[in-house]
Each structure stands twice: as C-alpha cells, then as structure tokens.
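In: can you look at this prediction? I've put the sequence above it.
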Amino acid sequence: MILGTAGHIDHGKTALVRALTGVDTDRLPEEKRRGITIDLGFAPLRLDGIGTVGVIDVPGHEAFVRTMVAGATGVDLALLVIAADEGVMPQTKEHLAILRLLGVRAGVVALTKADLVDDEWIALVRDDVCAALAGSSLADAEVIAVSATSGMGLDALRGALLRAARSVPVRDSDDLFRMPVDRAFTIRGTGTVATGTVWSGSVARDVVLRLYPSGDVVRVRALQAHGHAVERVSAGERAAVALAGVELSRVGRGAVLVGGDAWRPSTVIRADVALLDDVDRTVGPRSRLRLHLGTSEVGARVVPLDGALAPGTSRSARIVVEEPIVSRTGDRFVLRGGSPLGTLGGGIVTDPLAPRRARALGSATDDPAAALDRFLQEAGVAGLELAELPVRLGVSGSVLHALLRAAGRWSVADRVYASSARESIARQLLETLGAHHEANPLASGAPRQWLRSRVRAPEAAVDAVIDSMLRDGSMVAEQGDIRLVAFRPRLTDRQRALATDLSSRIAQAGVEPPSLEELADVMAQPATELSAICRVLARDGVLVPVESNRHYSPESVLQLAGRLSEGMATGADYGPAELRGFLGLTRKFLIPFLEYCDREGYTIRNELGRRRRGTKMAKL
Ligand SMILES: Nc1nc2c(ncn2[C@@H]2O[C@H](COP(=O)(O)OP(=O)(O)OP(=O)(O)O)[C@@H](O)[C@H]2O)c(=O)[nH]1
Ligand SMILES: [Mg+2]
C-alpha cells in the first residue's frame, strides 16, 4: 500500500513524515539549504495490521506541482497536511483537486503545527477545512490535530491512517505488470536501477520486461522492496528494479516498465475529460495542455466531442499527445495548462489505442463488454488484435477470456471480430465471385488465392469464412477453383455454334486431331476463346483433353485404348516402337497419347517401358 502526502508549501509534510517514520526524506543539499522539498521523498511506515506502507513525500511549492502529480499517481491513501496556523492555502486546494482527479479516495487530514495555536483556533481551522473538503474525495476523511515538534496527536494520526488503510481495496496482482518509473540511478556493481510504485501485476527476478518510451527490452537483475532484496514485487508496493540491458540515460521519471505483449505506446487516446469548477477558461482543440499520466508528462491537445469543454463540466474527448505514451483503459490523468501553469482538470482513459482518425467515443462507460463491442464495430472486418485487449479494455487476461466467450464475437488466429464482420466478409466473397462469374462465364470458378486477395480483411479471417461457406454449401470448390453453387459455365449462341463446329472437326480428324492453334487458324477464331470452349466441352465429356492444346473425341480415345488393350499382354513391358505398332500413330501423337494413358491409368511406366494396368484396360 502506498501513502502520499499533499499540502501547501511549508505546512509540515516532510516534518510529519519524519515524525511518523524516522526518515528525513529531504535528502538533496538544495532541499536542506532552502528548507523546502524539491523532489519526491520515500520512507517506509509500519502500520500494525497492515504491514509496511510506502510513503511518498511530495513538494508543496507551486513550481513543483508536476512533481507532486508524479508522486500522487498510484497512491492508495492520502495524507493531506494543513498547517493549523495558516489553514487552507492555494496548493492545499490544488493538491486536493489532483487527488480527486487521480481517484485517490481514502485519506486522513493532519492539522499540523498544532503546537503553535490554541484549541479555539484549531476548532475554527477545523471548520474551514471541513468546508474546503466538502464535495472532495476526502470529504469523509478524519481530521487530526498534530504537532511534529511536540509529538502531540501522532498516535491518533496513526490510528486514523490505519482505519483509512483498511478501506483501501486490494490491488489485483493477477494482472499485467506495470510500474511507472519515478527515479533512476546507477549503483556501482549493480548498474541501472529504476524505482516506482507497482501499479498492477507482479514481477520476479530474471523476468524480461519492456521499457517505454524507449521500447528497450530489459531483464530484471535484482529487486528490492523497502531497502531489502526480494524475489518478487507486486501491485501496491514500492520497488527498486535493477535492470540489465539498459543505460541510465534511457530510464528516468516518466518511463514505464511493463510486462507481457499487450502494451503499446500511442499518440492518440480517447478519454472522459473533466474541467475543474474554479478554472476561468474553456478547453478546445486549440488549447495546448500538459497531460500527466503515471509519472510521464507530455504536451497534449484535447478535442472534446461537440465543442469546447466549460469549467465544471465533463465530456468525452480525443486526445492527441506530442510523444507516445503507454496508458490503459481506466487510467486517470491530470491536465495542466495556462501561464503560470495551473491544474485545469483531468480524466479517465477510455481507449488507450485509439485509431488514428478516431472520433471521441460518445458517452463512455466502464463496462468492458460494451467497450469491446464498440471497438469491434469500429474495427469492422479488420478486427482487433487479441494480445492488446487487456490494455485496451483495462481488464485482466481472465476477464478478457470470459468476455470473448460471449456471443457476438468471433476469433480467428490472433484477432477477434464482430460477428457482423464475418457476415460482411461472406457477402464480399459472394459479390466478388458473382462478379467473377459474370466477367468470365466460361471459367469454372475463381482460384481460392485470387478470391482471398479480393477481400480487404486479414487472410486468416477470409480463409475461415471461405472454409465455412464451402462446408455449409454456399460455395463449391471444384478442381482448385471456387464457384457459386448455381453457377455453370455458359456458352453464348455464337459460342455454342463454335462448339458444334469444333467438336465435329475434332471427331472427323479421328485419332490425329488438330491442335487448338490449328483449329483457331482454320476457323479464324481467337485461340483463347476456343480453348475456353474446349474446357467447357471437356467438363461435359464431349471432348477429352489429351494434351493441353489438343483435344480428342471420346470415340477416338476409346478406339486407341482398344488397340492398346488388344496388343498388350498382361505382365509384359513394351517399348515405344512396339506400342506405336499397336496404335498406328505418328511420333508427334504417340508420346503425348502414351503419357495420357499413364495419367489415366490405362498403362504404367517403368524403366523397361510400359505395361498394361489391370482394371481400366479390362473395361474396354
Ligand atoms: N512548530 C512546528 N513547526 C513545524 C511543525 N511541522 C513542521 N514545522 C516547521 O515548518 C517548516 C516546514 O516544514 P516542512 O516539513 O519542511 O514543510 P513541508 O510541507 O514539507 O514543505 P515543502 O515540502 O517545501 O512543501 C520547518 O521549519 C519545520 O520545522 C510542527 O508541527 N510544529
Ligand atoms: Mg517537504
């Protein structure tokens, strides 16, 4: 569990952390010199019954709010510190707003420096504070008067922290690993070390992770939690991860370590965005903002659905960021802008991997089933990559599994589609095939590969639809070609006349018929058309394709096969000269015809020549 401080500059956050933990988190020389916190500080806090809580101490100075946001992100529990002598101040309010935007709901308010004021004053400040908290995420938080100097109220504060900690929901470690990096340094002998709060999942030593935005593949060389070497760190823990395979310059605040293959950096996300009540501007597509998500901070343009976003309202929006970020559905973020920079609002990611030209999503929902349906509809026949869905929907692998089993979704290979995509592919196939038949009335069908290439959808999906259409009989495969069930090659009247002419010329030529080219010559017709007509006639059994460019009449083939049958004794091998004697063909016709006999199973060829083959010859 992680506890984060919050509150105005000099109100005593660091002093209180030291009083609670014994650790002085202001470790930089400049922090000592100026007496203020500049960077995040870390300390372990023992809470009986809870265990060790990681404390993140943040700066209160208005110039370091971005550092506060990086510290407050991933926090379970807030310790809002308000000095009793000053009361609610600008960064008290700003930090409170940031906690709300980041979804930090549990917390305790410490009215510190109580030693400087009397009880009556404390009662007045307490009223002020309660008024300021009304409507905030800490509206129900306990308010405890304390003094870091005298130690007054510290036990009561521990008690209140314990009660608040018990209300924090346990994070799911059976999920994808993610740790936004808040600090990185080098340790001699260990190498590069990155620290952060584990947001989800867990990681063990020797596991391979990815580091974004660099995209580097890194190995976990060693792990520490609260300064002790451990084998594994899980969601809600502070961790120091020693990384093999990466230079210090590639890690730093804003980087993120992730496990598994679901994460993708992206520059377009969709989100529900809200503007704070007390900002004095609107946000439209031209507003240049800073988006803080995890420990990263990037320039962003927010394009709300239907016009500009007014103070105190929320709207679905499309966000274009200047550098790729890694986010997940359900992630909270903060938007800052203006000059001087101020916190304007924030939101929740509803689609971390929005398509380039995506519109905002309309009324967003935190129902992952509805989100999946919307993404599937949007993707159409292109479908969605299964691997990235845990990130895109913000669910663990097992939840995703259950979602995919539900009706209306169709998975093929590594993608998932709406069932309407399947119908659309089927429709495209039928249309394409219909058009093909129309354009090629003599062709028996379309080659499968050609058909597949005509549909603009992933190959595996088109193949699956072709297979199922062949199974259910909506299409037929014949000799490697696919055709519509009702389709038969059709001859026009002219072609039918040509067919009659052709077959009678071939029949008249007997055992040595003319080739297609010769026929085309004498008939003065294009050879390609005659060839197509011959294919139709061959399928109907009117002609026999003995050679690719030479057809016989069935009678001639039977006659020749009969001659062979008469001449060839069972079990004997015959050379070409003997066979030529039986057939009486010239050499030009002899070899192609013998090869035809081999193919058709009349004869069988071996080193000695050819011998007759049982059954087929016997039928002659
Ligand atoms: N009398 C008194 N002084 C306190 C108490 N807590 C803090 N201080 C003093 O207040 C000053 C600021 O305290 P810090 O703890 O540095 O304040 P901070 O909120 O961490 O300040 P930033 O991190 O810069 O925002 C220091 O001089 C502290 O000694 C307290 O309970 N009583
Ligand atoms: Mg401090």
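Out: Ah, there it is. Ligands and ions are numbered 1, 2, ... in the order given.
In: which residues of this protein score low on pLDDT?
Out: Within the chain, the stretches with pLDDT under 70 are 360-365, 407, 615-616, 618-620.
In: next, the buried residues of the longest helix anywhere in it.
Out: Assignment by DSSP state H gives helix 419-439 as the longest helix of the chain. Buried residues in helix 419-439, defined by neighbour count with 16 or more other C-beta atoms under 10 Å: Ala421, Arg422, Ser424, Ile425, Ala426, Gln428, Leu429, Thr432, Leu433, His436, His437. Yep, even glycine has a C-beta here, placed from its N, CA and C like the rest.
In: OK, contacts around the second one?
Out: By C-beta atoms under 8 Å, 6 or more residues apart in numbering, Arg422 lies in contact with Trp410, Ala461, Val465.
In: swap the cut-off to 6 Å and go again
Out: Contact analysis of Arg422 by C-beta atoms under 6 Å, 6 or more residues apart in numbering lists Trp410.
In: could you find the closest non-adjacent residue to the residue in the stretch 51-200 of the chain positioned nearest to ligand 1?
Out: Closest approach between the stretch 51-200 of the chain and ligand 1, counting by C-beta to the nearest ligand atom: Gly60, at 2.6 Å. Nearest non-adjacent residue to Gly60, counting by C-beta to C-beta, 6 or more residues apart in numbering: Ile9, 3.7 Å away.
In: follow-up on the earlier one: from the buried residues of helix 419-439, which single one is nearest ligand 2?
Out: Within these, distances to ligand 2 taken as C-beta to the ion reach their minimum at Ala421, with 55.6 Å.
In: surely the closest one touches Ala382?
Out: No: using C-beta atoms under 6 Å, Ala421 is not in contact with Ala382, being 8.2 Å away.
In: quick one: residues contacting the residue sitting nearest the centre point of the chain.
Out: Closest residue to the average C-alpha location of the chain: Glu388 at 2.6 Å, with C-alpha atoms, centre = their mean. Listed by C-beta under 6 Å, 6+ apart, the contact partners of Glu388 are Ala262, Arg264.
In: quick check: it vs Thr21, distance?
Out: 40 Å (C-beta to C-beta, to the nearest Å).
In: how much space between Arg448 and Gly480?
Out: Arg448 is 7 Å from Gly480, by C-beta to C-beta.
In: equivalent analysis for Lys93, please.
Out: 74 Å.
In: ok, those two, which is more surrounded?
Out: Neighbour count, other C-beta atoms under 10 Å: between Lys93 and Gly480, Lys93 has more, with 16 against 10.
In: ok but the more buried one is inside a strand, no?
Out: No: the assignment for Lys93, made by DSSP: H, G, I helix; E, B strand; the rest coil, is helix rather than a strand.
In: name the nearest residue to it, sequence neighbours excluded.
Out: Using C-beta to C-beta, 6+ apart and skipping the chain neighbours, the partner closest in space to Lys93 is Ala132 (6.8 Å).
In: with Ser553 instead?
Out: Nearest to Ser553 is Ala507, by C-beta to C-beta, 6+ apart, at 4.2 Å.
In: list the contacts of whichever strand or helix holds that neighbour.
Out: Applying DSSP states H and E as the criterion places Ala507 in helix 493-509. Contacts with helix 493-509, where a contact means C-beta under 6 Å, 6+ apart, come from Pro513, Ile533, Leu537, Val542, His551, Ser553.
In: out of those, which sit inside helices?
Out: Per DSSP H, those map to helices at Ile533, Leu537.
In: of the contacts of helix 493-509, which ones also sit close to ligand 1?
Out: By C-beta under 6 Å from any ligand atom, no member of these lies near ligand 1.
In: any chance of the contacts of helix 493-509 in a markdown table, plus distance to ligand 2 and neighbour count?
Out: Formatted as a markdown table, these follow (distance: C-beta to the ion, whole Å; neighbours: other C-beta atoms under 10 Å):
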| residue | distance to ligand 2 | neighbour count |
| --- | --- | --- |
| Pro513 | 102 | 22 |
| Ile533 | 93 | 23 |
| Leu537 | 94 | 21 |
| Val542 | 97 | 18 |
| His551 | 96 | 27 |
| Ser553 | 103 | 21 |
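In: a markdown table please, covering the contacts of helix 493-509 and showing distance to Asp140.
Out: Shown next, in a markdown table, are the contacts of helix 493-509 (distance: C-beta to C-beta, whole Å):
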| residue | distance to Asp140 |
| --- | --- |
| Pro513 | 99 |
| Ile533 | 88 |
| Leu537 | 89 |
| Val542 | 91 |
| His551 | 92 |
| Ser553 | 98 |
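In: what residue in this structure is the furthest from its centre?
Out: Distance-from-mean max, the chain, by C-alpha atoms, centre = their mean: Gly581 at 72.0 Å.
In: helix or strand for that one, which one?
Out: helix 576-583.
In: can you map out the strands along the stretch 101-250 of the chain?
Out: Along the stretch 101-250 of the chain, counting by DSSP state E, counting those that start in this stretch, strands occupy 106-112, 142-145, 178-187, 191-197, 202-204, 208-212, 216-225, 228-230, 232-234, 238-244.
In: how far off centre is whatever helix or strand Thr528 lives in?
Out: Thr528 is part of helix 527-539 when elements are defined by DSSP H and E. Relative to its chain's centre, helix 527-539 lies at 50 Å (C-alpha atoms, centre = their mean, to the nearest Å).
In: sorry, back to before: distance to ligand 2 added to the buried residues of helix 419-439, as TSV?
Out: Output for the buried residues of helix 419-439, formatted as TSV (distance: C-beta to the ion, whole Å):
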residue	distance to ligand 2
Ala421	56
Arg422	60
Ser424	60
Ile425	61
Ala426	65
Gln428	64
Leu429	67
Thr432	69
Leu433	73
His436	75
His437	79
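In: could you find the closest non-adjacent residue to Leu384?
Out: Val416 (5.4 Å).
In: and the one you found, its phi and psi?
Out: Main-chain torsions, Val416, degrees, to the nearest 10: phi -130, psi 150.
In: which SS class is the residue in the stretch 301-450 of the chain that ligand 2 sits nearest to?
Out: Closest to ligand 2 within the stretch 301-450 of the chain is Thr343: 19.1 Å, counting by C-beta to the ion. Following three-state DSSP, the label given to Thr343 is strand.
In: is it true that it touches Lys93?
Out: No: checked against C-beta under 6 Å, the pair Thr343 and Lys93 is beyond contact range at 9.4 Å.
In: run the chain-centre distance for stretch 99-113.
Out: 35 Å.
In: count the residues that sit near Ala97.
Out: 22.
In: ok so it is a strand residue?
Out: No: applying three-state DSSP, one finds Ala97 to be helix, outside a strand.
In: contacting residues for it?
Out: Ala97 neighbours (C-beta under 6 Å, 6+ apart): Leu276, Thr343.
In: next, count neighbours for the residue of the stretch 301-450 of the chain closest to ligand 2.
Out: 25.
In: can you list the residues of the stretch 1-150 of the chain near ligand 1?
Out: So the stretch 1-150 of the chain meets ligand 1 at 7, 9-15, 35-37, 59-61, 81, 112-113, 115-116, 147-149 (C-beta under 6 Å from any ligand atom).
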